[in-house]
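Colleague: The following block contains a protein sequence and its predicted model.
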Amino acid sequence: MLAGGCAKSGDISLDGGVGITAVRSACPVVGVPVGTGDITLFDPATSRDASAIDVTAVLTNVRGTCDDTGAEVVSNVTFDVRARRTRTDGPRDVTLPYFISIVRGGTQVVAKRVGAVSVHFEPGQALASTSGQASANVNRAAATLPDSVREQLTRKRKAGDQDAAIDPLATPEVRQAVLAASFEALVGFQLTQDQLRYNAQR
């Protein structure tokens, strides 16, 4: 679902090969859903010919900061938009819609907000960029693993113990609890169904 990603303090990692250390925080993982990181505008709007491409833009440099000290975990996301236009005669402002959504357990959208960024082109300028930002909240209690699940994940297991070779995440209850407490803050262009199809079929 995400385009890109890296290890961070919210990951669950192995501990010395035996057992798991849960170092996850309540902060959501930040990313861009596949297929929503770029947008193409056509003129005329109904055409899909390469010769009709008017403006293209990509959403990049997505970065997140998080404050998880309160009852509500506040996630702030910043990003850049880089745009190119085909016709460069005269100045032009192009407004592009974007969204930020909070996804729980990899599939459940629990919140979504739509905004817009404007890109300004000077006369004769084919390339332009701007920055945007969005924020979303996650309930800290919902993003916190129950103590019983955390104990199963972090309990030290000695080699030779009966359950030493058993991955606690293989237990359905544990796996479901981890999923339920896992959130993502996803940012992308707010595309129409037709634009989504165009991105998928290119």
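Modeller: Cool, got the structure. Numbering: from 1, shown residues only.
Colleague: Flag the shaky bits of the chain, pLDDT-wise.
Modeller: Residue ranges of the chain with pLDDT under 70: 1-24, 145-179.
Colleague: Can you show me the strands along it?
Modeller: For the chain, applying DSSP state E gives strands covering 12-14, 20-22, 29-31, 38-42, 53-67, 72-85, 92-104, 108-121, 127-139, 183-189.
Colleague: ok, Ala57 - contacts?
Modeller: Shown in contact with Ala57 (C-beta atoms under 8 Å, 6 or more residues apart in numbering): 38-39, 81-84, 94, 96, 119, 189. (Glycine included, C-beta is placed from N, CA and C.)
Colleague: For the strands of the chain, state which one has the densest average packing.
Modeller: strand 183-189 (a mean of 24; mean count of other C-beta atoms under 10 Å).
Colleague: Touching it from outside, list them.
Modeller: Outside strand 183-189, the residues that touch it by C-beta under 8 Å, 6+ apart are 1-2, 28-33, 35-39, 57, 59, 62, 64, 75, 77, 79, 96-104, 106, 110, 134, 136, 138, 142-143, 195.
Colleague: let's see 7 Å
Modeller: Here strand 183-189 makes contact (C-beta atoms under 7 Å, 6 or more residues apart in numbering) with 28-33, 36-37, 39, 59, 62, 64, 75, 77, 79, 96-104, 134, 136, 138, 143.
Colleague: Tell me which of the strands of the chain approaches Asn199 most closely.
Modeller: Among the strands of the chain, strand 38-42 comes nearest to Asn199, with 6.7 Å by C-beta to C-beta.
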